[in-house]
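*Asks:* Predicted model and sequence below, questions to follow.
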Amino acid sequence: MKREELLAQLKDDYLVRALGFNGEVRAFAIRSTKTVYEAQLRHQTTPVVTAALGRTLTIGAMMGTMQKGDTRVTLKVEGDGPIGKIIVDADAKGQVRGYVSHPRVEMDTYVNGDGLTKLKVGDAVGRGNISVIKDLGLRDFVGGQSPIQTGEISEDFTYYFAVSEQSPSVVGAGVLVYPEDESVIAAGGLIVQLMPGASEETIAALEQRVAALKPISILVGEEKTPEEMLSLVLGESFEILDTIPVAFNCTCEREKLATAIVALGPDEIQAMIDEDGGAEAVCHFCSEHYQYDVEELQSLREKSLERA
């Protein structure tokens with residue numbers, strides 16, 4: 001079955017932004033099943049890689065909607081584990097894309113204390129750093145970095161918010177995968193943050209609710225909606241600020257990749273013409289393939305000569 005047909009069977013993803021505890025807590029909840037599944041289909045990731053990339057995509061989509069206007073945010077998880085780098089890029093409109101260096105890494109599973117079969121995401125990611133870069137436009141970038149704590153992604157971004165943005169947060173993302181065919185069963189997540197000046201009563205009540213919360217992977221497996229997940233941490237009386245559609249969307253274009261070919265220089269382009277009789281460019285983020293014939297390469301070589 002084609003990718004479009006498989007994805008058409010799934011509900012569209014969306015994210016909810018809300019305030020709770022009389023405005024002292026803000027929260028984000030997301031259903032990201034379709035988005036993560038599209039990433040799995042595009043990159044043909046194994047279950048453990050799907051979990052790692054999917055959690056990062058889920059968190060990235062939520063962090064994207066924390067931005068304003070045309071600001072984009074890039075998440076980099078750079079561990080020393082076998083899957084290599086995870087790169088996720090998102091905007092304020094719920095559009096997100098991402099890739100991983102080594103999508104076909106295989107890892108054993110294990111059974112945790114609750115009797116659940118778990119993927120060894122932490123071992124696959126390893127230790128290193130995560131960084132968040134915000135593109136404010138006009139070549140203006142801001143960012144922060146923190147060490148990877150466990151490699152399980154959620155805990156790592158909880159730590160990032162605490163040390164890099166001084167924002168006490170709870171971050172959770174879960175991805176369930178069928179090991180037989182590597183398809184995504186469910187994916188989603190939560191980010192809960194204390195607002196400046198939150199009272200001790202609010203902090204204590206929130207801590208109690210978070211402590212009682214089931215693991216996110218269980219909540220998404222139970223097909224909890226974003227609104228239902230929010231009610232578990234904020235109580236029944238919370239204010240929904242907005243609901244944002246979420247989707248895997250890549251900004252790559254044939255012309256953009258052609259510009260990258262021009263940057264290779266005239267000699268490299270000539271080699272493509274002489275040795276290969278054409279060229280193929282592949283987008284890292286979405287795995288789309290773009291073909292360039294000899295005539296097109298000759299035109300790109302001329303542009304490269306003009307820049308030399």
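*Replies:* Thanks, I have it.
*Asks:* Contact partners for Leu257?
*Replies:* Applying C-beta atoms under 8 Å, 6 or more residues apart in numbering to Leu257 gives the contacts 281, 283, 290. Backbone N, C-alpha and C define where each C-beta goes, glycine included.
*Asks:* for Gly151, same thing?
*Replies:* 79, 81, 121-127.
*Asks:* of all those residues, which comes closest to Leu305?
*Replies:* Of all the contacts of Gly151, Leu305 sits closest to Gly79, with 41.4 Å by C-beta to C-beta.
*Asks:* The closest one and Gly126 touch, don't they?
*Replies:* Yes: between Gly79 and Gly126 a contact is recorded at 3.7 Å, counting by C-beta atoms under 8 Å.
*Asks:* what's the overlap in contacts for the two?
*Replies:* Residues touching both Gly79 and Gly126 (C-beta under 8 Å, 6+ apart) are 148, 151.
*Asks:* Same drill for those two, tell me which one is more crowded.
*Replies:* Between Gly79 and Gly126, Gly79 has the larger neighbour count (other C-beta atoms under 10 Å), namely 22 against 16.
*Asks:* Can you name the residues bridging to the more buried one?
*Replies:* Judged by DSSP bridges, the bridge partners of Gly79 are Gly128.
*Asks:* what's the closest of the contacts of Gly151 to Thr46?
*Replies:* Nearest to Thr46 among the contacts of Gly151 is Ala124, at 9.1 Å by C-beta to C-beta.
*Asks:* re earlier: let me have the contacts of Leu257 in CSV, extended by distance to Val36.
*Replies:* Below are the contacts of Leu257 laid out as CSV (distance: C-beta to C-beta, whole Å):
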residue, distance to Val36
Ala281, 25
Cys283, 18
Tyr290, 25
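*Asks:* tell me the domain ranges of the chain?
*Replies:* According to automatic domain parsing, the chain is divided into the following domains: 3-248, 254-307.
*Asks:* Could you single out the nearest of the contacts of Leu257 to Arg72?
*Replies:* Closest to Arg72 out of the contacts of Leu257 is Cys283 (16.2 Å), distances taken as C-beta to C-beta.
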